[in-house]
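Visitor: What would the 3D arrangement of this be:
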Amino acid sequence: MSRKITIFLVVIIIITISLVIPRLSNNLGQVVTPNNSITFILTEQNEPVIWENLKITIGQQDGPGNYVSIPNHSEITDEESINLPIGEAKLIRFLHGGSAVNPVPDKVIYWIYIQKSIQGKPEMMRTYYVEGEVIGNNEQQARQNLIELAQAWKVE
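Guide: The predicted structure follows:
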């Protein structure tokens, strides 16, 4: 190869690398979040996210008064109030199994939820929840992880 072609190729490679590396760095920043944080946007987050020993989803529902609708074929086994920076919330533990036609082993699921009145509908409440399905055998740690996650919860 002539010296001019070699220099030309080296310059092209350097330019290509200088353009590609910043883009790769930006993409990595979208996957790895600082402080091991998780950001959910309700309208965009449809799939569960695996974090620590939880499968996490978020949701909202509207209903009368303090009513909260958990999934069918579920049984609430514990309920308590917890204090979060956004206010008082409820923590419920429930077991969720399959239907009578398709029985499956019970899953242990925790919900942390808050309720806010719906403007213009005084009899209705909007329930915002973070759901954590326990993965593995350490249920107490999963519960604690969900509570810690909820400490930074913001509902706008």
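
Visitor: per-residue pLDDT, G97?
Guide: The per-residue pLDDT reported for G97 equals 88.

Visitor: I'd assumed V108 was in contact with it.
Guide: No - contact criterion Cβ atoms under 8 Å: G97 and V108 do not qualify, at 10.8 Å. Bear in mind the C-beta positions are built from the backbone N, C-alpha and C, glycine included.

Visitor: quick one: the strands in this structure?
Guide: 49-51, 54-64, 74-84, 87-96, 107-118, 121-134 (DSSP state E).

Visitor: rank those by pLDDT, which is bottom?
Guide: With a mean of 86, strand 49-51 has the lowest mean pLDDT of the strands of the chain.

Visitor: name the helices or strands packed onto that strand?
Guide: For strand 49-51, the elements it packs on are strand 54-64, judged by 3 or more Cβ pairs under 8 Å, 6 or more residues apart in numbering; DSSP states H and E.

Visitor: just checking, what packs against the strand it packs on?
Guide: Under the contact definition 3+ Cβ pairs under 8 Å, 6+ apart, strand 54-64 sits against strand 49-51, strand 121-134, helix 139-150.

Visitor: G87: neighbour count?
Guide: Residues lying near G87 (other Cβ atoms under 10 Å) number 10.
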